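J.: Got a predicted model here, sequence first, then my questions.
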Amino acid sequence: MDRRTLLAIGLMLVVAIVPTILLPPKRPVPPAPVAADSVLRDTAVVAAPATEPPGLPVRAPAIAAGAESGPEERVTVTAPLYQYTFSTRGARLIGASLTEYRTFAPGESGLAQLIPNESEFLAYRLVVGGDTLSLADWRFEPSERDVRVGDGAALDWVARRGPVEVRLRYRFIPEQYLIRVEGEVSGLGTGGLVLIGLGPRLRVVDADTVGDIRSYGIVTKAGSAQNLAFGSLDAGERRELAGPFEWVAIKSKYFVAAVLTTDEGGPRLGGAVAVGGQRPGRYEALAHVSASLAAPAGRFQFAAYVGPQEYRRLARIGHDLEDINPYGWVFRPIIRPFSILIMQVLLWMHDALRLAYGWVLVLFGIGVRVLLWPLNQKAMRSSVAMQAIQPEMKALQERYKTDPQKMQQELFKLYKQHGVHPLGGCLPMLLPMPVLFALFFVFANTIEFRGVPFLWLPDLSRADPLYIIPLVMGLSMFALSKIGQIGIPPNPQAKMMLYIMPVMFTVLFLKFASGLNLYYAVSNIASLPQQWLIARERMRRVGKTT
């Protein structure tokens, strides 16, 4: 039974994790810097009508002809958590530096800056009837050039061309990465839409640049959260996402820029369009979502979030914004509940006990084994009892080998007589596996572990550069299996598994997050006393001496 358990565990790990190692997606080409002006020309209404939502006839309004945009200036908004930078050209967001997070991108240092130079985030277009008017080159006059966020801090913008006037107000909230946007458009008649730009991507700010780029995607929530990976879009491919949405977001591995409806009765966001990168292998996409211009004043409102994928922070905002993080891939319905529960337990332990996350993982590994001690004890004793009646089982199998039905009846009588169950030793021993799988996704997606050191480990979310923890994990697994075979009659298959499984797991876990290896190693070591006690009991029951 122990051999079957180990084989089942190995097969589950192979099915869940190995395909992502043996069959990785094509290596993406790191985004090359592109001048903001060229991107604005590429995505302008007249130059590239394909970037506009389908079904909206595109004609450049006469008002745009011959207009002067004026020089671009920068407006900074500083808060305890961030510094946002806006351009007077289009009032779009062109910079977002986060004070609590540093960049680990190769060749960079300092704060994590999320917004690329070619930003389309909060770039606006107006749609009235069959006309679409880009505001990308409109000069917006700001109320201030340097805003310090306090209670009720706001930044007002105004831009005019001919009869059209656009007014914007950005409200900032201390201790939140949230911008509340209110707008008013006059001079266009009644009705219409405003298109709100997203993309083309977030900047790479992590040491694992390939992993960060592969995580690029657009996540939307209509009924439930849906993720569209940038890697699934061909160069120039357009994919329409049907709304209405509660929010639409551009994400990387740990960070997100999102546009969402407000809690003050704002309408839901309209359909979004994703356009693939300008050339093969470049993982990026431009997207637009729409908000209605409410008559008669042409008002609209929405909120924007630019910051980390902190689960608790996103959950407080509402609208299920925490679903941006897609724990579990195809195993999401099973893994996600475990991942969320485990993550909340780890965060609570960190806050309540005021311990470093490394020590939290040590305590968590021990705690899981303590909680499962009674079940494991029952499972191991069931396995010992099954081994003790093996001679009787073989005798029954030999006696009734020509009558399978009678053999099954006699075997069940034997199980009942000795109070054992053939599966009693397997199921409890598999209970730790959902925790291990869930932790794999927790360390792959949870920003709270990003850049957190422990002892010699520089980052719990990344692999141990010295490979010490994976080796300790493999040795602890070998010791656990070795002790588990004390008192068991020699079996060539079991002996082979004793060496193969620890080696396979060690190789498999070499590149996994060091925090995951730490938990698994501690969990194995914490199981050794119980395994030793059961081994002694097994030896007594089979009549052997220690």
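T.: Nice, thanks for sending it over.

J.: Now the phi/psi pair for the residue nearest to residue 401 when sequence neighbours are not counted, please.
T.: Nearest non-adjacent residue to residue 401, counting by C-beta to C-beta, 6 or more residues apart in numbering: residue 407, 7.1 Å away. For the C-beta atoms, the positions are set from N, CA and C on the backbone; glycine is no exception. As for residue 407, its main-chain torsions (degrees, to the nearest 10) stand at phi -60, psi -40.

J.: Which residues are in contact with residue 407?
T.: 396-397, 399-401 (C-beta atoms under 8 Å, 6 or more residues apart in numbering).

J.: shaky segments in the stretch 51-200 of the chain?
T.: The stretch 51-200 of the chain contains residues with pLDDT under 70 at 51-70, 151-152, 189-191.

J.: What segments of it are strands?
T.: For the stretch 51-200 of the chain, applying DSSP state E, counting those that start in this stretch gives strands covering 74-78, 82-87, 93-102, 111-113, 124-128, 131-134, 141-142, 146-148, 154-161, 164-172, 178-186, 193-198.

J.: would you turn these into CSV with mean neighbour count?
T.: Below are those laid out as CSV (neighbours: other C-beta atoms under 10 Å):
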stretch, mean neighbour count
strand 74-78, 18
strand 82-87, 22
strand 93-102, 19
strand 111-113, 21
strand 124-128, 23
strand 131-134, 22
strand 141-142, 16
strand 146-148, 14
strand 154-161, 17
strand 164-172, 20
strand 178-186, 19
strand 193-198, 24
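
J.: JSON lines please, covering these and showing distance to residue 364.
T.: Formatted as JSON lines, the strands of the stretch 51-200 of the chain follow (distance: least, C-beta to C-beta, whole Å):
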{"stretch": "strand 74-78", "distance to residue 364": "38"}
{"stretch": "strand 82-87", "distance to residue 364": "31"}
{"stretch": "strand 93-102", "distance to residue 364": "24"}
{"stretch": "strand 111-113", "distance to residue 364": "28"}
{"stretch": "strand 124-128", "distance to residue 364": "47"}
{"stretch": "strand 131-134", "distance to residue 364": "52"}
{"stretch": "strand 141-142", "distance to residue 364": "49"}
{"stretch": "strand 146-148", "distance to residue 364": "41"}
{"stretch": "strand 154-161", "distance to residue 364": "44"}
{"stretch": "strand 164-172", "distance to residue 364": "37"}
{"stretch": "strand 178-186", "distance to residue 364": "32"}
{"stretch": "strand 193-198", "distance to residue 364": "37"}
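
J.: residues of the lengthiest helix in the chain that come out buried?
T.: If you go by DSSP state H, the chain has its longest helix at helix 514-541. Buried residues in helix 514-541, counted by 16 or more other C-beta atoms under 10 Å: 514-527, 530-531, 534-535, 538-539.

J.: For residue 343, which of the strands of the stretch 51-200 of the chain is the nearest?
T.: strand 93-102 (18.0 Å; C-beta to C-beta).

J.: closest one to residue 470 among the strands of the stretch 51-200 of the chain?
T.: strand 93-102 (26.2 Å).

J.: So in the protein, where's the weakest helix or strand by average pLDDT?
T.: None of the helices or strands of the chain scores lower by mean pLDDT, DSSP states H and E than helix 36-43, at a mean of 31.
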